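S.K.: Give me a 3D structure for the following:
(one chain, ligands or ions: 2)
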Amino acid sequence: MGSDLKHNGSSRELEVPVIDLQGSRGERRSVVVQQIRSACVEWGLFQVINHDISPALMKKMFQVAKEFFDLPTEEKWKYSSSERTTTVDLFHGYGTKEFGTKGALDQGDQLRHRTLPLSARAYEQWPSHPPSFREIEEEFTQEHHKLKEHLFELISESLNLRSSFLNDFFGKDYAQTFLINHYLASVEQTPSMGLQNHSDICALTVLMQSVSGLQVMKDGEWVSVEPIQDAFAVNLGDQFEILTNGLYKSPLHRALLNSSERFSVGVFSCPPDDKVVTPIPELVAEFPPLRYKASTYAQYRAEVMTVPDMVKTLTPDL
Ligand SMILES: O=C(O)CCC(=O)C(=O)O
Ligand SMILES: [Fe+2]
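M.R.: Residues are numbered from 1 along each chain as shown. Ligands and ions are numbered 1, 2, ... in the order given. Sure thing, here's the model as predicted:
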């Protein structure tokens, strides 16, 4: 492993912003909106506490994830997508690195579902063991839909746009993806990589981690995103960097293996495939020049998927 992994490769001075959403629908709204703006400009990533998703539900989600990933491998493969992709792509259902490479873990396995729009659900890829898995995933992703609506309102306001701007832009048919990453415990003394450096191609990722491992690049250094009890890490993806003409960052991040088994559960919000994503004119007028070209989300994804490495591919291209 590279020398940058020594001592976790992380800086001790920098601390990822933690934003308390308590009162963000009322008296603390303007404070929270300002904190979100700073975090998105400086980091593209922050943690949220008091976000209205119940700690009991978060705990249940981790429990059923553990029960599922403890199943024998051949049981888990029953939930893989029937179309095995050998090209660079994101698989759906159960998968590992040998089955679709982009976004796959170096050492571990994953479960990925399209959860919204409802018409995109392939329930045959949702585990029936443990028996409560489906119900909990259903509730968890429904709660995440509500959290996304709230965060999109706050982010819209942080850009001096009307509250409903981003929710309207993504529309009722926006795509929600649910992902469980299951990393094996590290067998080495020094930290080794679980998921390579990348930026997320969607718009917003909300992720909970069972134990530490997530790191974000800030001013050329890797900074650990330490799990906080009942918190979610929120990071912006490439679509927000494009929409904001680069004002808000889609940060480079990675996951290191922990000395124990590790789970992270992420919910991604993305535009519909046919949505044309281009910098918002008001933001281009405020911070010219126009930096990113317009493309549909499907075109963008197709381009990124042709790049075999995980690395962030988005750079200003105008
Ligand atoms: O496991 C983690 O903490 C990070 C996962 C991640 O970045 C992803 O799934 O896109
Ligand atoms: Fe990611």
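S.K.: Name the SS class of Gln34, please.
M.R.: Of the three states, Gln34 takes helix under DSSP: H, G, I helix; E, B strand; the rest coil.
S.K.: For it, grab the count of nearby residues.
M.R.: 12 (other Cβ atoms under 10 Å). Every residue, glycine included, has its C-beta placed from N, CA and C.
S.K.: Now do the contacts for it.
M.R.: Ser158 (Cβ atoms under 8 Å, 6 or more residues apart in numbering).
S.K.: try Val18
M.R.: 46-49, 228, 231.
S.K.: For stretch 112-128, list every residue counted as buried.
M.R.: If you call a residue buried by 16 or more other Cβ atoms under 10 Å, then stretch 112-128 has these buried ones: 112-116, 125-127.
S.K.: now stretch 175-191
M.R.: 175-184, 186, 191.
S.K.: Among these, show me the least confident.
M.R.: Within the buried residues of stretch 175-191, pLDDT reaches its minimum at Pro191, with 78.
S.K.: Now that one, what are its backbone angles?
M.R.: phi -60, psi 140 (degrees, to the nearest 10).
S.K.: do you know how far the residue nearest to it when sequence neighbours are not counted is from ligand 1?
M.R.: In space, and not counting its chain neighbours, Pro191 is closest to Leu256: 4.5 Å by Cβ to Cβ, 6 or more residues apart in numbering. Per Cβ to the nearest ligand atom, to the nearest Å, Leu256 is found 9 Å from ligand 1.
S.K.: cool, Ala39 as well?
M.R.: 17 Å.
S.K.: Report the rounded mean pLDDT for the helix or strand where that residue lies.
M.R.: Here Ala39, judged by DSSP states H and E, is contained in helix 29-42. Average pLDDT, helix 29-42: 98.
S.K.: Low-confidence bits of the stretch 101-250 of the chain, can you list those?
M.R.: For the stretch 101-250 of the chain, applying pLDDT under 70 flags the ranges 101.
S.K.: Identify the residues contacting the residue in it that ligand 1 sits nearest to.
M.R.: Of all residues in the stretch 101-250 of the chain, the one sitting closest to ligand 1 is Leu214 (3.4 Å; Cβ to the nearest ligand atom). Residues counted as contacts of Leu214 (Cβ under 8 Å, 6+ apart) are 207, 224-225, 233, 253-255, 264.
S.K.: I only care about these that end up buried; give me the ChimeraX line for that.
M.R.: Selection of the buried residues among the contacts of Leu214 in ChimeraX, burial being defined by 16+ other Cβ under 10 Å:
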select :207,224,225,233,253,254,255,264
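S.K.: Would you reformat the contacts of Leu214 as a markdown table and include distance to Gly95 and secondary structure?
M.R.: Output for these, formatted as a markdown table (distance: Cβ to Cβ, whole Å; DSSP: H, G, I helix; E, B strand; the rest coil):
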| residue | distance to Gly95 | secondary structure |
| --- | --- | --- |
| Leu207 | 18 | strand |
| Ser224 | 27 | strand |
| Val225 | 24 | coil |
| Ala233 | 23 | strand |
| His253 | 20 | strand |
| Arg254 | 19 | strand |
| Ala255 | 16 | strand |
| Ser264 | 15 | strand |
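S.K.: And the strands in the stretch 201-318 of the chain, which stretches?
M.R.: 204-209, 214-218, 221-224, 232-236, 253-256, 262-270, 276-277, 295-296 (DSSP state E, counting those that start in this stretch).
S.K.: now those as CSV including distance to Val16?
M.R.: Putting the strands of the stretch 201-318 of the chain into CSV (distance: least, Cβ to Cβ, whole Å) gives the following:
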stretch, distance to Val16
strand 204-209, 12
strand 214-218, 7
strand 221-224, 6
strand 232-236, 8
strand 253-256, 11
strand 262-270, 15
strand 276-277, 26
strand 295-296, 30
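S.K.: of all these, which lies closest to Arg37?
M.R.: Of all the strands of the stretch 201-318 of the chain, strand 232-236 sits nearest to Arg37, with 12.0 Å by Cβ to Cβ.
S.K.: From Arg25, how far out is the residue most central in space within the chain?
M.R.: With distances taken as Cα atoms, centre = their mean, the chain has Thr205 as the residue nearest its mean C-alpha position (2.8 Å). As judged by Cβ to Cβ, to the nearest Å, Thr205 and Arg25 stand 22 Å apart.
S.K.: Check Phe268 too.
M.R.: From Phe268 to Arg25 the distance is 24 Å (Cβ to Cβ).
S.K.: Residue numbers of this structure in contact with ligand 1?
M.R.: Contact residues (Cβ under 6 Å from any ligand atom) of the chain with ligand 1: 179, 181, 195, 200, 207, 209, 213-214, 253, 255, 264, 266.
S.K.: Centre of the chain to stretch 253-272, how far?
M.R.: For stretch 253-272, the separation from the chain centroid amounts to 7 Å (computed by Cα atoms, centre = their mean, to the nearest Å).
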